[in-house]
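Chemist: heads up, no residue letters with this:
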């Protein structure tokens, strides 16, 4: 389970059962295939991930993997986090909100499926455009194989490391983060690939 309450009566899923059922019904009705990925219901079209259904503490969400490419004239799609590139989510607090927004949900799902059929890809973020923390550059000077391993990582993995390394205000904390991650980088793993 993703949290310590998973599978118990305290699980947040139990708070939103009606809304989750309503969303699931719409997702299946538009022809998406339900699968379990990342321990969550993921809905696919032609083998490609379209949307993930999630329950949070205060709401449930339809997480559109390419939501940033969807036309959103109603302004209902939100970035789930400040560093999110293309993913967007539509949030609901109850089943009534799902019913009221059903036409919009169906439109956004149709758009997402059309994007996949057309092979539209989100533009990859430029990890190299981010500033390299001085602490990482110092290690590159001492360990050329670390720099080579870092540059061999996927753009998303490099970006995740750069965000993680740059976040602390104090240099000693940034240095400690870099040192902790050196073995992962040398193994070609991302920050969350443990």
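Modeler: Good, I have the coordinates. Remember, it's a predicted structure, so these values are computed and weren't measured experimentally.

Chemist: please make it C-alpha for all contacts and neighbour counts, starting now.
Modeler: Will do.

Chemist: in its sheet, what does the longest strand along the chain sit against?
Modeler: For the chain, the strand that runs over the most residues, judged by DSSP state E, is strand 48-55. Applying DSSP bridges, strand 48-55 is found paired with strand 40-45 (antiparallel), strand 60-64 (antiparallel).

Chemist: now that strand: buried residues?
Modeler: Residues of strand 48-55 classed as buried by neighbour count (16 or more other Cα atoms under 10 Å): 49, 50, 51, 52, 53, 54, 55.

Chemist: tell me where the model's unsure across this protein.
Modeler: Counting by pLDDT under 70, the low-confidence segments of the chain come to 1-14, 122-129, 194.

Chemist: give me the domain ranges for it.
Modeler: Listed by automatic domain parsing, the domain ranges of the chain are 12-117, 127-186.

Chemist: make a markdown table out of those and add distance to residue 192.
Modeler: Compiled in a markdown table, those are given as follows (distance: least, Cα to Cα, whole Å):
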| stretch | distance to residue 192 |
| --- | --- |
| domain 12-117 | 13 |
| domain 127-186 | 9 |
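
Chemist: between the ones you listed, which gets nearest to residue 193?
Modeler: domain 127-186 (8.4 Å; Cα to Cα).

Chemist: who's sitting farthest from the centroid in this structure?
Modeler: residue 142 (33.7 Å; Cα atoms, centre = their mean).

Chemist: which helix is the longest one in this protein?
Modeler: The longest helix of the chain (DSSP state H) is helix 95-117.

Chemist: strand 60-64 and that helix, what's the angle between them?
Modeler: Relative orientation of helix 95-117 versus strand 60-64 (axes from the mean of the first three to the mean of the last three Cα atoms, to 10 degrees): 10 degrees.

Chemist: make 31 the starting number, not 1.
Modeler: Happy to do that; since the first residue is 31 now, the last one works out to helix 125-147.

Chemist: now do helix 125-147: which elements does it pack against?
Modeler: Under the contact criterion of 3 or more Cα pairs under 8 Å, 6 or more residues apart in numbering; DSSP states H and E, helix 125-147 touches helix 47-59, strand 78-85.

Chemist: the first one: what's the following helix or strand?
Modeler: Think helix 47-59. The helix or strand immediately downstream of helix 47-59 is strand 63-67, counting by DSSP states H and E.
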